[in-house]
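> Here is my input; please provide its structure:
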Amino acid sequence: MKLSKNFSLNELTKSQTAIRMGIDNTSDTEQLVNLVVLVQQVLQPCREQFGSISINSGLRVLELNQAIGSSDKSQHINGEAADFEAYLISNRRLAEWIKEKLDFDQLILEYPGPDPRDGWVHCSYKRDGGNRKQVLTAVKEGSKTVYKKGLKE
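The predicted structure is shown next:
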């Protein structure tokens with residue numbers, strides 16, 4: 001099923017962890033609507049600006065989300081978030097462009113490193129409005145993930 005010109009439902013629901021663990025990562029109607037809006041408002045504009053986009057994680061049903069150790073409050077559960085990268089630019093530049101050009105709820109540059117390809121971009125969008133435009137950078141400090149305000153080096 002196509003969600004937009006360049007994105008399919010399979011891209012936003014496929015999970016090797018779900019396959020390996022036998023978890024059904026099929027969207028319900030509300031999650032599907034949220035995924036369509038996320039694709040239209042965030043992913044498709046990124047694709048049109050920068051070419052091919054690789055989806056690392058989209059929808060994660062609650063069981064899958066718990067299996068990978070993520071928060072039960074993750075917007076991935078609702079189909080409102082995706083983790084992704086663009087092939088032609090750095091993750092930092094992708095995050096900067098989203099921050100400057102798009103509406104979003106939360107934008108996180110996750111685990112940037114010395115290589116511009118290190119980490120990924122997490123972006124969420126709420127279809128009901130109230131998008132916070134929260135910008136964070138996730139970094140490891142010891143064994144813990146720490147979220148810092150803004151796009152950090």
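
> Strands along this protein, start to end?
All strands of the chain, identified by DSSP state E, fall at 53-57, 81-86, 106-110, 120-124, 134-141, 144-149.

> residues in contact with stretch 17-27?
Residues outside stretch 17-27 that contact it (C-beta atoms under 8 Å, 6 or more residues apart in numbering): 9, 13-15, 35, 59-61, 63-64, 67-68, 79. Backbone N, C-alpha and C define where each C-beta goes, glycine included.

> Would you mind listing which of those residues are buried?
Leu9, Thr13, Ser15, Leu35, Leu59, Arg60, Val61, Leu64, Ala67, Gly79 (16 or more other C-beta atoms under 10 Å).

> Generate a markdown table for these, with pLDDT and distance to Arg127 as supplementary columns.
What follows is those, written out as a markdown table (pLDDT from 0 to 100; distance: C-beta to C-beta, whole Å):
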| residue | pLDDT | distance to Arg127 |
| --- | --- | --- |
| Leu9 | 98 | 16 |
| Thr13 | 98 | 18 |
| Ser15 | 96 | 22 |
| Leu35 | 98 | 10 |
| Leu59 | 98 | 14 |
| Arg60 | 98 | 18 |
| Val61 | 98 | 19 |
| Leu64 | 98 | 22 |
| Ala67 | 97 | 26 |
| Gly79 | 98 | 10 |
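
> ok, which pair from these is furthest apart?
Leu9 and Ala67 (20.7 Å; C-beta to C-beta).

> Mark which of the buried ones among the contacts of stretch 17-27 are part of helices, please.
Among the buried ones among the contacts of stretch 17-27, the members falling in helices are Leu9, Thr13, Leu35, Leu64, Ala67 (criterion: DSSP state H).
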